[in-house]
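mind looking at a prediction? Sequence and model below.
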Amino acid sequence: MVQMLLLVLLNIVLVEGVEQSTVRVTAGEYLQSRDGFGKEYGIEFTTGGVSDKFSWTLAAEFTHLDPLTTKDRDDYDDYDDGKGSDNDVPWYAARMYGANIYATGYQFWGPSDMRGPNGEDMGWTCAGTTNIDGVIETTYDQYYETTRVGNACIREENPPQTIWNERDNASVFFAGSYTISESMELYAKAMQFNTETTGVYFNSFYYPDGATPWSMGYSNYGPAGTGLPNPRTGGTVYMMDWYGIKMFNPPTWDNSFEEQSNTYDLGLRGTLSNGWEYDVSATLNDYESDSVGQLWLSEEMEALYFNIGQNDALGNPCVMDAFDLYADGYWSGSPGDATDPYNGYYYAYNWGQPTCLNAEWFYDGADFDYSNYMATNDEHAESYSDFYTATLVGEFGMLAGGPIGFAAVAEYQDHGYTVIPSALNVAGKLWGSGYTDGGGSRDRTAIGGELRFPITTEFAVSVSARNDKYDDKAVNVDRTTLGGNFEWRPSDDFMLRGSWSESFRAPDMQRAFLEEVQGYTSGIDYYQCWLVNGDLDTCGEYNKINIEAITTGNKNLKDESGDSYSFGFVWEPADRFTVTVDAYKVVLKDIVSNSSLGQIKN
């Protein structure tokens, strides 16, 4: 589908002549966007001046980009637009999965299935279950062939996500030069760039952490036809083994980012009396980033979800560990007696599950005050690089093919970074997001040179050498790399060439200094698949998601090294027709990479 972008451009020239100032205004909108999304505005201002010895340029720019969401595109707004491998599968808004182990098999249970403490129909609906509009209670087999049995709250409309984020950019640039003499010039550059971005990535959702987010115990609520006599009240009790996941809107799972980068460059360049050219400069860079988002508070949401602080259908406290009921005298520890008439606590203890699930909140808690269950997740990052370099290029001596050319360079760099995650996230107080923690600094010095020998007018050889030295607490690298190449031009239309060079790469700072990256991954449990199936041919159903993954840095990493070879020719058999043939071979050693989950497990 071709999308149309309407742009309005306006140029205003304030001053004509050598010194010119220009204003450029832009405005545009994607014509097929809905609800006013997809607009873009910008303004640029440029000015400058030239005198006998001084020239300068100053530019400033500001742009604003409205967000564009999946709801603004017919290709993304509905479930039947597809979502990768699960095409034509609608999103759920809420789904409860489980069983009364005495009455039914495992299936999905919708709000209309629920009965109360006296067996009564609770009258719960999907509208009361979640605050997402347009949700219907239906079965998955209405949309595709599946073995998923039972009802769920399903949304046919895709969750709103930003195709591109709302963004504000502002930048300022200055460049100038001052001629000290005919052979010496001072130059300077400075730039600042600021951006603010907000993205909506998904409806917020919640389900408990842990390998077994199920509950097992005595509930006042459960599916029709699964009720059992409640010995405490004379009413109905439901012995449920279940768990649920549901979405919210608001809140949405979004983040905002603020970034600022600054670059300053000051240098001196010119020509010596013998014609050699030099350039000495200092370049300073710094960068800061802040990201902010709202996440669920883990303990508070867990307590809400598992009804901690309330009582179950037998009047006993809802607990995360059934052993607590035994320790506090509510349960004798023996299955089947008066304290555990249907073995609910016994199963909960053996399966390591909480004893309650808050069915009232799950099925009739769309309007709960979620702001009391969320906190700000903020992460700050900054980096810097101070880089100083000096180069000298020239010629000396004479061979049959001409003067010997040379280039020399000396460098010094001090650079580092810091990432500071939210203290709440590091402490495990926030649900649903990983974090990055780490930082460090190091310096590098380098000297290098290259010589070009024109042995004849047809044949030239170049050799080079460079020494780099890193000095930091993670790695001490002192590496000299060599290289060389040749060119042979027996005629004006043919050149034969070849090269060899050594290379190296010091370990990236984030791989060495990283304290911890906590996130989530997925993988197939091939061992369990093999135990059950006896082979590894059909292991798709053993895929595990939301596996907590922790990555740390390694200060013992070696530097990578390599050798590169090339050989080839360039031939021009006819005017404006060129044939180029080159062969390359690259050998790398001690490459630094991440291992896959399968490699780690094996």
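All right, it came through fine.

C-alpha from now on. contacts and neighbour counts both.
Noted.

which residue ranges make up each domain of this protein?
Segmentation of the chain into domains, based on automatic domain parsing, reads 1-66, 70-163+202-253+296-372.

worst average pLDDT in those?
Note on these: lowest mean pLDDT is at domain 1-66, with a mean of 72.

can you give the strand pairings for the helix or strand hosting residue 240, parallel or anti for each?
Element membership of residue 240, judged by DSSP states H and E, is strand 236-271. Strand 236-271 pairs in its sheet with strand 91-100 (antiparallel), strand 184-206 (antiparallel), strand 215-219 (antiparallel), strand 227-229 (antiparallel), strand 277-297 (antiparallel), by DSSP bridges.

phi and psi next, for residue 322.
Here the main-chain torsion angles of residue 322 (degrees, to the nearest 10) amount to phi -60, psi -20.

so where does the spatially closest residue to it that is not a sequence neighbour fall, helix or strand?
Excluding the flanking residues, the one nearest residue 322 by CA to CA, 6 or more residues apart in numbering is residue 349, at 5.1 Å. Taking DSSP H and E as the definition, one finds residue 349 inside helix 344-351.

outside of that helix itself, list whatever touches it.
The contact list for helix 344-351 (CA atoms under 8 Å, 6 or more residues apart in numbering) reads 215-218, 239, 321-323, 331, 333-335, 340, 354-355.

now do stretch 388-404
275-283, 405-413, 451-460.

got a quick ChimeraX command for the buried subset of those?
In ChimeraX, this line selects whichever of the contacts of stretch 388-404 come out buried by 16 or more other CA atoms under 10 Å:
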select :277,278,279,280,281,282,283,405,406,407,408,409,410,411,412,413,451,452,453,454,455,459,460
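
in strands, which of the contacts of stretch 388-404 appear?
Using DSSP state E, the subset of the contacts of stretch 388-404 located in strands is 277-283, 405-413, 451-453, 459-460.

SS state for residue 362?
State at residue 362, reduced to three classes by DSSP: H, G, I helix; E, B strand; the rest coil: helix.

what residues are up against it?
Going by CA under 8 Å, 6+ apart, the list of residues near residue 362 reads 129, 244, 246, 305.

likewise for residue 484?
461, 462, 463, 464, 499, 500, 501.

out of the residues you listed, which end up buried?
Of those, these count as buried by 16+ other CA under 10 Å: 461, 462, 463, 464, 499, 500, 501.

now the helix holding residue 349 - C-alpha only, CSV.
Taking only C-alpha atoms (Å, rounded to 0.1, in the frame of the first residue of the first chain), the coordinates of helix 344-351 have been written out as CSV:
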residue,chain,number,x,y,z
GLY,A,344,-6.7,-28.5,48.6
TYR,A,345,-3.9,-27.6,51.1
TYR,A,346,-2.2,-30.9,50.6
TYR,A,347,-2.0,-30.3,46.8
ALA,A,348,-1.0,-26.7,47.3
TYR,A,349,1.9,-27.7,49.6
ASN,A,350,3.1,-30.5,47.3
TRP,A,351,2.9,-28.4,44.2
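
now for residue 490, how many residues are close by?
Using other CA atoms under 10 Å, residue 490 has 12 neighbouring residues.

please verify my assumption that it contacts residue 460.
No - counting by CA atoms under 8 Å, residue 490 does not reach residue 460; the two are 11.5 Å apart.

just the strands in the stretch 1-150 of the chain please.
5-15, 21-30, 39-50, 54-65, 68-69, 91-100, 107-109, 114-115, 135-139 (DSSP state E, counting those that start in this stretch).

do the same with the stretch 451-600 of the chain
Counting by DSSP E, counting those that start in this stretch, the segments of the stretch 451-600 of the chain that form strands are 459-471, 476-491, 494-505, 514-524, 543-551, 560-574, 577-589.

and the residue sitting furthest away from the middle of the chain, how far from residue 450?
What lies farthest from the middle of the chain is residue 400; by CA atoms, centre = their mean that is 57.9 Å. Per CA to CA, to the nearest Å, residue 400 is found 19 Å from residue 450.

low-confidence stretches in the stretch 401-550 of the chain?
Filtered on pLDDT under 70, the stretch 401-550 of the chain yields the residue ranges 472-475, 509-522, 527-528, 531-532, 540-550.

the same query, at a cut-off of 90, please.
Within the stretch 401-550 of the chain, the ranges that satisfy pLDDT under 90 run 426, 428, 431-442, 470-479, 504-550.

for residue 213, helix, strand, or coil?
Assigned by three-state DSSP, the conformation of residue 213 is coil.

correct me if wrong: it contacts residue 206.
No - in this structure, residue 213 is not within contact of residue 206 by CA under 8 Å, at 11.0 Å.

ramachandran angles for residue 432?
Phi and psi for residue 432, reported as degrees, to the nearest 10, are phi 90, psi 10.

how close does it sit to residue 376?
Distance from residue 432 to residue 376, by CA to CA: 13 Å.

do the same with residue 203
17 Å.

which one's more surrounded, the two?
Applying other CA under 10 Å to residue 203 and residue 376 shows that residue 203 carries more neighbours, namely 20 against 15.

neighbours of the residue lying closest to the more buried one once chain neighbours are set aside, how many?
Using CA to CA, 6+ apart and skipping the chain neighbours, the partner closest in space to residue 203 is residue 252 (4.4 Å). Residues near residue 252, counting by other CA under 10 Å, number 21.

cool, thanks, talk later.
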